[in-house]
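A.B. asks: what follows is a predicted protein model with its sequence.
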Amino acid sequence: MNVQSAQVRRKTHTPPCHRCDGTALDEPAYAYLLGLYLGDGHISQYAGHRAPSLMITLDDAWPGIQDEAEAALRKVLPENSTCRVRRTGCHNIKVYSKHLVCLFPQHGPGRKHERAIALEPWQQAIVDTHPWQLVRGLIHSDGCRITNWTTRMVGGERKRYEYPRYWFTNVSDDIRRLYTDTLDALGIVWTHCTRAGKPYNISVARRASVALMDAHVGPKY
């Protein structure tokens with residue numbers, strides 16, 4: 001096989017890319033995957049590897065989320081193989097692709113909270129169409145559904161009341177703003193909270209808003 005034929009073969013077998021050649025993209029899966037990436041994902045290029053890898057680190061306490069993350073990777077990159085790498089108490093859900101930076105242009109040197117994070121117009125259009133999928137990805141990575149409690153005086157007697165709350169924590173101001181902007185678009189009431197002196201938390205506790213979150217996100221599983 002001559003050099004030209006080899007080059008043609010390599011081009012033929014290079015998986016297509018939504019950004020490079022307009023290949024159709026599973027937008028709901030992408031919006032969910034974007035949320036996971038912004039929370040617990042990172043892209044790395046190791047010496048000796050021909051393509052960078054995307055790793056999403058997910059706790060073993062939530063095997064259903066690991067399955068959903070891997071399914072989303074396969075939908076967004078259907079011609080690339082995915083794998084799971086075991087770590088203590090968690091798994092890295094992983095895929096290699098030369099087009100990862102095309103799909104996730106937020107990649108850059110350093111930690112996410114140390115650099116600006118902004119969606120490109122095509123990404124924002126997907127989020128505007130599939131906002132709940134982004135919220136699911138962000139909650140599944142950096143959020144949770146918890147039960148809080150408080151006490152009230154009723155008829156001279158102090159009673160305990162429990163109520164559900166969605167909690168999201170991320171050090172990046174930009175990622176928190178993306179989350180709250182999306183909640184605003186969905187009509188979800190949220191509050192900014194400081195816990196242990198750290199102002200990185202967003203709470204959703206209003207009954208109607210929690211009901212909407214339950215319908216579209218739900219507890220981790």
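C.D. replies: Everything's here; your move.
A.B. asks: what ranges does the protein have for its strands?
C.D. replies: Using DSSP state E, the strands of the chain run over residues 41-44, 53-59, 82-87, 90-96, 143-154, 157-169, 191-195, 198-204.
A.B. asks: any low-confidence regions in this structure?
C.D. replies: Scanning the chain for pLDDT under 70 picks out 1-14, 22.
A.B. asks: is it possible to get JSON lines of the strands of the chain that adds distance to Tyr221?
C.D. replies: Any C-beta I mention is one placed from the backbone N, CA and C, and that applies to glycine too. Listed next are those as JSON lines, based on distance: least, CB to CB, whole Å:
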{"stretch": "strand 41-44", "distance to Tyr221": "19"}
{"stretch": "strand 53-59", "distance to Tyr221": "12"}
{"stretch": "strand 82-87", "distance to Tyr221": "17"}
{"stretch": "strand 90-96", "distance to Tyr221": "15"}
{"stretch": "strand 143-154", "distance to Tyr221": "10"}
{"stretch": "strand 157-169", "distance to Tyr221": "15"}
{"stretch": "strand 191-195", "distance to Tyr221": "24"}
{"stretch": "strand 198-204", "distance to Tyr221": "18"}
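A.B. asks: output those in CSV; the columns should cover distance to Ala118 and mean neighbour count.
C.D. replies: Putting these into CSV (distance: least, CB to CB, whole Å; neighbours: other CB atoms under 10 Å) gives the following:
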stretch, distance to Ala118, mean neighbour count
strand 41-44, 17, 18
strand 53-59, 19, 21
strand 82-87, 28, 13
strand 90-96, 24, 20
strand 143-154, 21, 12
strand 157-169, 19, 14
strand 191-195, 20, 12
strand 198-204, 18, 17
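A.B. asks: contacting residues for His107?
C.D. replies: 43, 100-101 (CB atoms under 8 Å, 6 or more residues apart in numbering).
A.B. asks: closest to Asp21 out of the strands of the chain?
C.D. replies: Of all the strands of the chain, strand 90-96 sits nearest to Asp21, with 18.7 Å by CB to CB.
A.B. asks: contact partners of that closest one?
C.D. replies: Counting by CB under 8 Å, 6+ apart, residues outside strand 90-96 touching it are 49, 51-60, 66, 69-70, 73, 77, 80-85.
A.B. asks: could I have it exported to PDB, CA atoms only?
C.D. replies: What follows is strand 90-96, C-alpha atoms only, in PDB (Å, rounded to 0.1, in the frame of the first residue of the first chain):
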ATOM      1  CA  CYS A  90     -15.100   5.200  41.900                       C
ATOM      2  CA  HIS A  91     -14.700   4.500  38.200                       C
ATOM      3  CA  ASN A  92     -13.400   6.700  35.400                       C
ATOM      4  CA  ILE A  93     -15.800   6.500  32.400                       C
ATOM      5  CA  LYS A  94     -13.500   7.000  29.500                       C
ATOM      6  CA  VAL A  95     -13.400   7.600  25.800                       C
ATOM      7  CA  TYR A  96     -10.600   8.500  23.300                       C
END
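A.B. asks: neighbours around Ser172, how many?
C.D. replies: 20 (other CB atoms under 10 Å).
A.B. asks: ok, it - contacts?
C.D. replies: 38, 112-113, 117.
A.B. asks: recalculate using a threshold of 6 Å.
C.D. replies: The neighbourhood of Ser172, defined by CB atoms under 6 Å, 6 or more residues apart in numbering, consists of 112-113, 117.
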